[in-house]
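# Predicted structure and sequence below. I'll ask about it afterward.
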Amino acid sequence: MLDEDLAVLYGVETRILTRAVRRNADRFPQDFMFQLSDQEVANLRSQIGISSSAYGGRRYRPLVFTEQGIAMLSTVLRSKQAVHVNIEIMRTFVKLREFISSNRELARKLIDLERRYDQQFKVVFDAIREIMLPKDPPLKRRLGF
């Protein structure tokens with residue numbers, strides 16, 4: 001999640017959140033938090049309309065937090081709202097994992113069905129292809145000698 005979205009959830013300004021993270025940088029290794037590249041920021045601008053720094057927009061690249069980084073944020077921000085928001089975010093991540101695993105299972109079943117029915121319908125497809133092949137024109141009989 002982006003730092004500005006988390007700041008809204010936690011009820012603080014983005015600069016307060018990033019300041020707390022920078023002061024506790026040892027709690028946020030690269031697998032907990034990272035900063036977007038210039039190209040990723042450009043993609044965000046084109047997708048969600050973030051204004052450029054020339055027009056009062058962000059002057060730095062956004063921070064992005066993983067699930068573990070979000071969990072660590074509640075220890076850095078130390079407010080009741082941060083704890084409650086963190087609990088809800090963790091519940092959301094659990095639901096997302098459950099959803100993803102159920103979709104994987106569904107995709108696996110679909111692949112199995114395709115394999116099973118491809119063999120059964122192979123005969124039908126072969127028959128259709130045979131019908132579609134052009135037939136040799138009938139030989140003309142010569143009249144006379």
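That came through, no problem. Numbering: from 1, shown residues only.

# Secondary structure class of Gln30, three-state.
Applying DSSP: H, G, I helix; E, B strand; the rest coil to Gln30 yields a three-state assignment of coil.

# tell me, how many neighbours does it end up with?
Gln30 sits with 9 neighbouring residues when counted by other Cβ atoms under 10 Å. Any C-beta I mention is one placed from the backbone N, CA and C, and that applies to glycine too.

# Could you do the one 4 residues further on as well?
The burial count assigned to Phe34 is 16, neighbours taken as other Cβ under 10 Å.

# So which other helices or strands are in contact with the helix or strand encompassing it?
According to DSSP states H and E, Phe34 maps onto strand 33-35. On a contact count with 3 or more Cβ pairs under 8 Å, 6 or more residues apart in numbering; DSSP states H and E, strand 33-35 meets strand 63-65.

# What lies in contact with the helix or strand just after the strand it packs on?
Per DSSP H and E, the first helix or strand lying C-terminal to strand 63-65 is helix 67-77. With Cβ atoms under 8 Å, 6 or more residues apart in numbering as the test, helix 67-77 has contacts from 1, 6, 10, 12, 17, 20-21, 23-24, 27-28, 31-33, 65, 82-83, 85-86, 89-90, 93.
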